[in-house]
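**Student:** Below: sequence and its predicted model.
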Amino acid sequence: MAMGKLWTLIIQLHTIAGPVLMLLYPLYASVVAIESQSKLDDEQWLAYWIIYSFLTLAELVLQPILQWIPIWYDVKLLTVAWLVLPQFEGAAYLYERFVREHIRKYITEREHHHHHQVNHQQQSKKSPNEGKAKKKFVEFVTPKKGDQEAY
């Protein structure tokens, strides 16, 4: 009888461990990090949320396969514990080691493209035809007397 209650307790703790470890603790730690003066903890928790989001999206896509792996939830719990716990700071490690390089490359390309667009827009603003085009557009969309239909 006591063994059955113990087993039920273990299952309940196992069930609640996921949301606590994956969401509640990181949420609390993120708020504490935002309020602290240090940037290091901000990086850890931003990295966690980026990696956790990626993990969640991958899990959604791979769900038909993962449902056949009985220990998937336990593996996920251990992985998230490694990402979250301050003794390991796995999220910061993964971000530094694998993600940052790709993000920086993407951001650099995007900034270069944006810079090119801004320069192009600035050059086009100097065009003397811009005022004429704007005036023609306003004339086109403004109804003239007698053009209005009766409703």
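**Tutor:** It's in.
**Student:** Now do the residue nearest the centre of the chain against I71, distance only.
**Tutor:** What sits nearest the mean C-alpha location of the chain, by CA atoms, centre = their mean, is I50, with 5.3 Å. Going from I50 to I71 by CB to CB, to the nearest Å gives 25 Å. In this view, the C-beta of every residue, glycine as well, is placed from N, C-alpha and C.
**Student:** repeat for H102
**Tutor:** Where I71 is concerned, H102 sits at a distance of 30 Å (CB to CB).
**Student:** same thing with L83?
**Tutor:** 18 Å.
**Student:** ok, now W45?
**Tutor:** Relative to I71, and taking CB to CB, W45 is found at 28 Å.
**Student:** Those two: which has the busier surroundings?
**Tutor:** A side-by-side neighbour count of W45 and I71, using other CB atoms under 10 Å, places W45 first with 20 against 9.
**Student:** who touches the more buried one in this structure?
**Tutor:** 26, 29-30, 33, 91 (CB atoms under 8 Å, 6 or more residues apart in numbering).
**Student:** Could you point out which of these is nearest to L55?
**Tutor:** A91 (10.3 Å; CB to CB).
**Student:** ok now do that closest one, which residues does it touch?
**Tutor:** 44-45, 47-48, 50-52, 83-84.
**Student:** buried sites along the strand or helix carrying L46?
**Tutor:** Using DSSP states H and E, L46 maps to helix 40-66. Residues of helix 40-66 classed as buried by neighbour count (16 or more other CB atoms under 10 Å): 41, 43-48, 51-52.
**Student:** Tell me the helix or strand right after it.
**Tutor:** helix 72-84.
**Student:** and that next one, average pLDDT?
**Tutor:** Averaging pLDDT along helix 72-84 yields 91.
**Student:** Who are the packing partners of it?
**Tutor:** Using 3 or more CB pairs under 8 Å, 6 or more residues apart in numbering; DSSP states H and E, the elements in contact with helix 72-84 are helix 2-19, helix 25-35, helix 40-66, helix 90-94.
**Student:** could I get the shortest one in PDB with only the CA atoms?
**Tutor:** Translated: helix 90-94. What follows is helix 90-94, C-alpha atoms only, in PDB (Å, rounded to 0.1, in the frame of the first residue of the first chain):
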ATOM      1  CA  GLY A  90      24.600  24.800 -20.600                       C
ATOM      2  CA  ALA A  91      22.500  27.400 -22.500                       C
ATOM      3  CA  ALA A  92      25.300  29.900 -22.500                       C
ATOM      4  CA  TYR A  93      27.800  27.200 -23.500                       C
ATOM      5  CA  LEU A  94      25.700  26.000 -26.400                       C
END
